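J.: Build the 3D model from these lines:
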Amino acid sequence: MNLQNRVEHVSGLVEQACARSGRSSADVNLIAVTKYVSLETARQVLDCGLAHIGENRWQDARDKWEALGDRGTWHFIGHLQTNKVKEVIGRFTYIHSLDRLSLAKELDKRAEAGDMTVRCFVQVNVSGEESKYGLQPEEVEPFMREIASLRNLDVVGLMTMAPYEANPEETRPVFRGLRELRDELNGRAATREPLTELSMGMSNDFEIAIEEGATWIRLGSILVGRE
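T.: Presented below is the predicted three-dimensional model:
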């Protein structure tokens, strides 16, 4: 199956998941995760009409961004070290892995210096796995209040990663938990602006994530494979 066929296949699965949950596919944004593929494949992704590129590490993304950075919207979806902020700020429109105050302050400082705003997702470790980054759910509201004064951060929503499960249905409580946390925060006006976005769902479980309210899905192997 070539890339265009995979894009069409995935688009069909997205539409079916939306239909099952009474949603519009227009409300679900697809990020093509290109961390394991070549510059040429990343170029083909954009040529197929996909508008969003996701990368985990600046070291791996540099060549692709330098060649293709003026095309599409770039998302940093991996763990971000504070000392790497200077590399990603101004290049990546969205940061999906805000998980600590020191990172928030550095992003805000660099964004202010560049007279820009950076859109962020707060990463939440809903599953409680020790191997995953992210705030515990009970830590999110105090964190949101701590960063509310950082005017160059636009916190648009929450992000999580579910454990890999042979039966994707078993990931549902994780995705439902993130949606419910988002709704609770909005209900208590715990953030400077209401949170509208949920970044959740990868190749193995994105259909469940969509059924539970995902607005951004991050797809690698099912879409672009690995090289």
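J.: Going by neighbour count, list what's buried in the longest helix seen in the chain.
T.: Assignment by DSSP state H gives helix 3-20 as the longest helix of the chain. Neighbour-count burial for helix 3-20 flags 3, 6, 7, 10, 14, 17, 18 (criterion: 16 or more other C-beta atoms under 10 Å). (Each C-beta comes from the backbone N, C-alpha and C, glycine too.)
J.: Show me the two of those residues that sit farthest apart.
T.: Within those, two members stand farthest from each other by C-beta to C-beta: 3 and 18, at 22.4 Å.
J.: now the helices for this structure?
T.: For the chain, applying DSSP H gives helices covering 3-20, 39-47, 58-68, 85-88, 101-113, 137-147, 172-187, 206-211, 221-224.
J.: Buried deepest among those helices, which one?
T.: helix 206-211 (a mean of 25; mean count of other C-beta atoms under 10 Å).
J.: Compare the helices of the chain and report which one is nearest to residue 121.
T.: helix 172-187 (10.3 Å).
J.: For that closest one, what is the distance to the chain centroid?
T.: From the chain centre to the centre of helix 172-187 is a distance of 16 Å (C-alpha atoms, centre = their mean, to the nearest Å).
J.: same check, this time on stretch 180-195
T.: Using C-alpha atoms, centre = their mean, the offset of stretch 180-195 from its chain centre is 18 Å.
J.: Pull the residues that contact it.
T.: Here stretch 180-195 makes contact (C-beta atoms under 8 Å, 6 or more residues apart in numbering) with 124, 126, 137, 140-141, 144-145, 148, 154-158, 198.
J.: from those residues, which single one is nearest residue 89?
T.: Nearest to residue 89 among the contacts of stretch 180-195 is residue 154, at 13.3 Å by C-beta to C-beta.
J.: With pLDDT and distance to residue 177 as extra columns, can I get the contacts of stretch 180-195 in JSON lines?
T.: Shown next, in JSON lines, are the contacts of stretch 180-195 (pLDDT from 0 to 100; distance: C-beta to C-beta, whole Å):
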{"residue": "124", "pLDDT": "99", "distance to residue 177": "8"}
{"residue": "126", "pLDDT": "98", "distance to residue 177": "5"}
{"residue": "137", "pLDDT": "98", "distance to residue 177": "7"}
{"residue": "140", "pLDDT": "98", "distance to residue 177": "11"}
{"residue": "141", "pLDDT": "98", "distance to residue 177": "14"}
{"residue": "144", "pLDDT": "98", "distance to residue 177": "17"}
{"residue": "145", "pLDDT": "96", "distance to residue 177": "21"}
{"residue": "148", "pLDDT": "96", "distance to residue 177": "23"}
{"residue": "154", "pLDDT": "98", "distance to residue 177": "24"}
{"residue": "155", "pLDDT": "98", "distance to residue 177": "19"}
{"residue": "156", "pLDDT": "99", "distance to residue 177": "19"}
{"residue": "157", "pLDDT": "99", "distance to residue 177": "14"}
{"residue": "158", "pLDDT": "99", "distance to residue 177": "10"}
{"residue": "198", "pLDDT": "99", "distance to residue 177": "11"}
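J.: Format the residues you listed as TSV; extra columns: distance to residue 30.
T.: Shown next, in TSV, are those (distance: C-beta to C-beta, whole Å):
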residue	distance to residue 30
124	21
126	22
137	26
140	26
141	30
144	27
145	32
148	30
154	21
155	22
156	17
157	16
158	18
198	14
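J.: which one of those is nearest residue 51?
T.: When the contacts of stretch 180-195 are ranked by distance to residue 51 (C-beta to C-beta), residue 156 comes first, at 16.6 Å.
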